[in-house]
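Novice: pasting the structure only:
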């Protein structure tokens, strides 16, 4: 009979067994049936996104969360948010809650999390310290780990010697050979210590679902890692395997920077007699110049992008432009896919091995494509949203806002020039709403008296074409150049001598608003 079982701290091992008088019998041991929690042979897909609450979620972290979410939902599984807060010195207050709120906003909500709960909690590592201690104690008893009393000063000497000799910095296992009496004496004296995992060779490597077979000899190159710090908190290497095991994580999708550490984790699973999850390491994302993404780069923070007005859809599609992972996906800046559409196209086998560089201007293009899509698909609702935003953002400005004259035409014109809806009230566009917010103007070419006569021509003309004809005659009789006069009109409207064609501005504002604004500006000079 093939079973997957959980017994004490050693769990999830598949063995062939037979039942004999209330006992399960398998090689060399007889264990009571009550000691086991039986599980199904077919393991359901359970993945986790496990960030540290040490700062803002950036685009690279979101891409990892997104691919975990898509993989889980593609296979009818669960997406878990786990907070890895074992580095207490770097915690940012409120960051954990903000991380979950951002995932909800991005429309990839976790099925289990610190706030939603679940059957495998707690979902915050600092609330699981007793579990880590149990595992470490068992490892020590079984000779898989040992206490290390070496001081930081001694470890620094070892590091300097390794650097001098140009050899890997490998701990010399001095404390592995301490006798039980020596250990007891140090513990009695309260000597601070860490716990190290005793590495062994892993010649066969491990299988990565994206990169294939991966070999990295941690035994020869790295030395025994610390798994429990002197403050009683576990390191990442211990906490992540314990949590993944007890949360029944079936697949670990994480950044490729963890690829070299995975052999350590495989050895730790083996030491505990646990079946490791399947590993898939995602190619890294880097800046356009090839440098590493950093939590300190504010323009990469999801919250910052949200505050600037970028939509969930644009951010979602932006991170899928690099790294692959989709079958028959059109990689176009004009194509906006929903989370459901991306889910249908997602294929782990299509993820690239190569790292990808992100170009932030492509996010601008995607967001512009999205707001154009909204304008085309549900024009009335989009226009009303624009009106509400304009009213809200201009309520403290002097003057009466014009939301009636050619409003749809103005929005359509602006969609060729803006990235986010919030830019409707950028200073260079305020003239469209008949609001005088220009604080300084470029120098005018013509005298005030000349421009007053030009305004008279504006008011007498029925349209811009008629005005142009009248202006041409006026300039000829006054030895003026029409382009210089038109440039002055643009300055009086926008404050700038360069900008959109003055004819476009006239058509957008309407004759009355156009001439009225120019007259008011001129009279204030």
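Specialist: Right, received. Where do you want to start? Computed from a predicted model, the values in this text were never measured in an experiment.
Novice: just the strands in the stretch 201-350 of the chain please.
Specialist: 206-208, 212-214, 226-228, 251-255, 278-282, 285-286, 324-326, 346-351 (DSSP state E, counting those that start in this stretch).
Novice: do the same with the stretch 51-200 of the chain
Specialist: So, for the stretch 51-200 of the chain - with DSSP E, counting those that start in this stretch - the strands run 78-81, 145-148, 194-197.
Novice: let me see the contact set for residue 304.
Specialist: Residue 304 makes contact with 56, 298 under the criterion C-beta atoms under 8 Å, 6 or more residues apart in numbering. For glycine as for every other residue, the C-beta is placed from the backbone atoms N, C-alpha and C.
Novice: ok, residue 522 - how many residues close by?
Specialist: As a burial measure, residue 522 scores 17 neighbours (other C-beta atoms under 10 Å).
Novice: out of the strands of the stretch 201-350 of the chain, deepest packed?
Specialist: Greatest average neighbour count among the strands of the stretch 201-350 of the chain goes to strand 226-228 (a mean of 24), per mean count of other C-beta atoms under 10 Å.
Novice: show me what that strand packs onto, helices and strands only.
Specialist: In terms of contacts (3 or more C-beta pairs under 8 Å, 6 or more residues apart in numbering; DSSP states H and E), strand 226-228 is packed against helix 129-141, strand 194-197, helix 236-246.
Novice: nearest the middle, which residue of this protein would you pick?
Specialist: The residue lying closest to the centre of the chain (C-alpha atoms, centre = their mean) is residue 62, at 2.6 Å.
Novice: identify the residues contacting that residue.
Specialist: So residue 62 contacts 102, 106, 302, 315, 319 (C-beta under 8 Å, 6+ apart).
Novice: what do you get for residue 493?
Specialist: Counted by C-beta under 8 Å, 6+ apart, residue 493 has contacts 431, 502, 505, 509, 514, 517-518, 521.
Novice: ok, those residues vs residue 405, which is closest?
Specialist: Closest approach to residue 405 among those (C-beta to C-beta): residue 509, at 6.7 Å.
Novice: quick one: the closest one and residue 516 touch, right?
Specialist: No - applying C-beta atoms under 8 Å as the test, residue 509 and residue 516 come out as separate, 9.2 Å apart.
Novice: those two: who's more crowded?
Specialist: Set residue 509 next to residue 516 and count neighbours by other C-beta under 10 Å: residue 509 wins out with 23 against 16.
Novice: hmm, back to that, name the residues contacting each of residue 509 and residue 516.
Specialist: Contacts common to residue 509 and residue 516, judged by C-beta under 8 Å, 6+ apart, are residue 434.
Novice: tell me the first helix or strand C-terminal of the longest helix anywhere in the chain.
Specialist: Ranked by residue count under DSSP state H, the longest helix found in the chain is helix 360-377. As assigned by DSSP states H and E, the chain's next helix or strand after helix 360-377 is helix 379-394.
Novice: so which other helices or strands are in contact with the helix or strand that comes right after that next one?
Specialist: Downstream of helix 379-394, the first helix or strand assigned by DSSP H and E is helix 407-414. Helix 407-414 sits against helix 379-394, helix 502-509, with contacts defined as 3+ C-beta pairs under 8 Å, 6+ apart.
Novice: gap between residue 317 and residue 377?
Specialist: Going from residue 317 to residue 377 by C-beta to C-beta, to the nearest Å gives 16 Å.
Novice: brain fart, residue 442
Specialist: 40 Å.
Novice: more neighbours, these two?
Specialist: With neighbours defined as other C-beta under 10 Å, residue 442 and residue 377 compare such that residue 442 has more, 14 against 9.
Novice: so the more buried one is in contact with residue 488, correct?
Specialist: No - counting by C-beta under 8 Å, residue 442 does not reach residue 488; the two are 9.3 Å apart.
Novice: if I look at the two, which residues touch both of them?
Specialist: Joint contacts of residue 442 and residue 488 (C-beta under 8 Å, 6+ apart) do not exist.
Novice: so for residue 4, what's the pLDDT?
Specialist: Residue 4 carries a pLDDT value of 37.
Novice: try the one 5 residues further on
Specialist: According to the per-residue confidence, residue 9 scores 35 in pLDDT.
Novice: circling back to that earlier point, which one of the strands of the stretch 201-350 of the chain lies nearest to residue 86?
Specialist: strand 226-228 (10.0 Å).
Novice: OK, contacts around residue 502?
Specialist: 486-487, 489-490, 493.
Novice: for the residues you listed, which one is nearest residue 164?
Specialist: Using C-beta to C-beta, these come closest to residue 164 at residue 490, 69.3 Å.
Novice: give me every residue that touches that closest one.
Specialist: So residue 490 contacts 496-500, 502, 505 (C-beta under 8 Å, 6+ apart).
Novice: could I get those residues as a markdown table with pLDDT and secondary structure?
Specialist: Output for those, formatted as a markdown table (pLDDT from 0 to 100; DSSP: H, G, I helix; E, B strand; the rest coil):
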| residue | pLDDT | secondary structure |
| --- | --- | --- |
| 496 | 87 | coil |
| 497 | 84 | coil |
| 498 | 89 | coil |
| 499 | 88 | coil |
| 500 | 91 | coil |
| 502 | 92 | helix |
| 505 | 92 | helix |
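Novice: low-confidence stretches in the stretch 351-500 of the chain?
Specialist: 436, 438-439 (pLDDT under 70).
Novice: in helices, which of the contacts of residue 502 fall?
Specialist: Using DSSP H, these in helices are 486-487, 489-490, 493.
Novice: just those now: which is nearest residue 449?
Specialist: For the ones in helices among the contacts of residue 502, the closest approach to residue 449 (C-beta to C-beta) belongs to residue 489, at 15.2 Å.
Novice: what's the closest non-adjacent residue to that closest one?
Specialist: residue 502 (5.4 Å; C-beta to C-beta, 6 or more residues apart in numbering).
Novice: now do the one you found against residue 455, distance only.
Specialist: 14 Å.
Novice: now residue 366
Specialist: Taking C-beta to C-beta, one finds residue 366 at 43 Å from residue 455.
Novice: so these two - more neighbours on which side?
Specialist: residue 366 (24 against 17).
Novice: so who does residue 496 touch?
Specialist: 428, 441-442, 490.
Novice: of the residues you listed, which belong to helices?
Specialist: residue 490.
Novice: rewinding a little: ok, of the ones in helices among the contacts of residue 502, which one's closest to residue 132?
Specialist: Nearest member of the ones in helices among the contacts of residue 502 to residue 132, counting by C-beta to C-beta, is residue 493, at 67.2 Å.
Novice: now do the closest residue to the closest one other than its chain neighbours against residue 494, distance only.
Specialist: Leaving aside its sequence neighbours, residue 493 sits nearest to residue 431 (C-beta to C-beta, 6+ apart; 5.0 Å). The spacing between residue 431 and residue 494, counted by C-beta to C-beta, is 5 Å.
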